[in-house]
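**Q** here are the coordinates; sequence isn't available:
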């Protein structure tokens, strides 16, 4: 399991870079926060499934429909529900929605989402059961 966690962390760094860089670019370009979250997380989604499937959980071979559906459900709840709630909640509670603040909130929300994802990916999405 330690190997999985390390690999998951590496994949998480890659996905986070894709997600956060695209989010920051869109925020600085004036894109509304919710749109920026949806687009940036969608970009990371494709990368995440592929790398988790092959590299983290070592599922070499064809992808079954059940894994894709479970992955999408778990990931979308994390990225499109948990993240916007955390980002919006922090912006509201702390009274700061500057670009820098939103970027920090995004990083915090990403950390929470990574724990959520690993837990569900390991137990339901890519499990051997």
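**A** Arrived safely. As the structure is a computational prediction, the values presented were derived from the model and not from experiment. Numbers count the residues shown, from 1 in each chain.

**Q** same for the helix or strand where residue 66 lies, what does it pack against?
**A** For residue 66, the host element (DSSP states H and E) is helix 65-77. Counting contacts by 3 or more C-beta pairs under 8 Å, 6 or more residues apart in numbering; DSSP states H and E, helix 65-77 packs against helix 33-51, helix 99-120. To be clear about C-beta, it is placed using only N, CA and C from the backbone, and glycine gets the same treatment.

**Q** Low-confidence ranges, this protein, go.
**A** 129 (pLDDT under 70).

**Q** Phi and psi next, for the residue lying farthest from the centre of it.
**A** Residue farthest from the centre of the chain, counting by C-alpha atoms, centre = their mean, is residue 95 at 24.7 Å. Dihedral angles of residue 95 (phi, psi; degrees, to the nearest 10) stand at phi 60, psi 30.

**Q** Please tell me how far it sits from residue 17.
**A** Distance from residue 95 to residue 17, counting by C-beta to C-beta, to the nearest Å: 29 Å.

**Q** In which helix or strand does the spatially closest residue to residue 55 that is not a sequence neighbour reside?
**A** Spatial nearest neighbour of residue 55, excluding adjacent residues (C-beta to C-beta, 6 or more residues apart in numbering): residue 7 at 5.7 Å. Using DSSP H and E, the element containing residue 7 is helix 2-28.

**Q** buried stuff in that helix?
**A** For helix 2-28, the neighbour count (16 or more other C-beta atoms under 10 Å) marks 4, 7-8, 11-12, 15-16, 18-20, 22-24, 26-27 as buried.

**Q** Also stretch 120-129?
**A** 120, 121, 122, 125, 126.

**Q** and the fourth one, what is it in contact with?
**A** By C-beta atoms under 8 Å, 6 or more residues apart in numbering, the residues touching residue 125 are 52, 67, 70, 71, 74.

**Q** if we go to 6 Å?
**A** 67, 70, 71, 74 (C-beta atoms under 6 Å, 6 or more residues apart in numbering).

**Q** And the nearest residue to it once chain neighbours are set aside, how close does it get to residue 17?
**A** Excluding the flanking residues, the one nearest residue 125 by C-beta to C-beta, 6+ apart is residue 70, at 4.5 Å. For residue 70, the distance to residue 17 equals 25 Å [C-beta to C-beta].
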